[in-house]
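A.B. asks: here is the input, now give the coordinates:
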Amino acid sequence: MLILTRKPGESILIGDDIEVTITSIDQNKVRVGIKGPAHIPIYREELYRKIQKENRAAALIGKDEFENLLDIYSSGRKGDGPDRQ
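C.D. replies: This next block holds a predicted model:
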């Protein structure tokens, strides 16, 4: 891990197209601005971990659930919930 010291208003560059700027420092919080290409997603770590967890759970769908989804998709139905006809 590279550790740098920066003051508010100072930046670091990652590659040619990502810039991380320290915008402010208050007590125990640092505000960071990030500029980069639109095709590179930027997430807070806790949100990224939650997305990964949900993706793993979705990948564990059982055969019966998959076949039900396939039936719904191929028949054009919207589902069999209590408010569905």
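A.B. asks: the residue nearest to the spatial centre of the chain: what's it in contact with?
C.D. replies: By CA atoms, centre = their mean, the chain has its centre lying nearest to Y48, at 4.5 Å. Not one residue lies near Y48 by CB atoms under 8 Å, 6 or more residues apart in numbering. In this view, the C-beta of every residue, glycine as well, is placed from N, C-alpha and C.
A.B. asks: mind running it again at 10 Å?
C.D. replies: 41-42 (CB atoms under 10 Å, 6 or more residues apart in numbering).
A.B. asks: past the helix or strand containing Y48, which element shows up next along the chain?
C.D. replies: Y48 belongs to helix 45-59 when assigned by DSSP states H and E. The first helix or strand that comes after helix 45-59 along the chain, using DSSP H and E, is helix 63-75.
A.B. asks: output that following helix as CSV, nothing but the C-alphas.
C.D. replies: Listed in CSV are the C-alpha atoms of helix 63-75, where the atom choice follows Å, rounded to 0.1, in the frame of the first residue of the first chain:
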residue,chain,number,x,y,z
LYS,A,63,-32.7,-25.2,-10.1
ASP,A,64,-36.4,-24.8,-9.2
GLU,A,65,-36.2,-21.0,-8.9
PHE,A,66,-34.3,-20.8,-12.2
GLU,A,67,-36.8,-23.0,-14.0
ASN,A,68,-39.7,-20.8,-12.6
LEU,A,69,-37.9,-17.7,-13.8
LEU,A,70,-37.4,-19.3,-17.2
ASP,A,71,-41.1,-20.2,-17.4
ILE,A,72,-42.1,-16.7,-16.4
TYR,A,73,-39.7,-15.2,-19.0
SER,A,74,-40.7,-17.5,-21.9
SER,A,75,-44.5,-17.1,-21.2
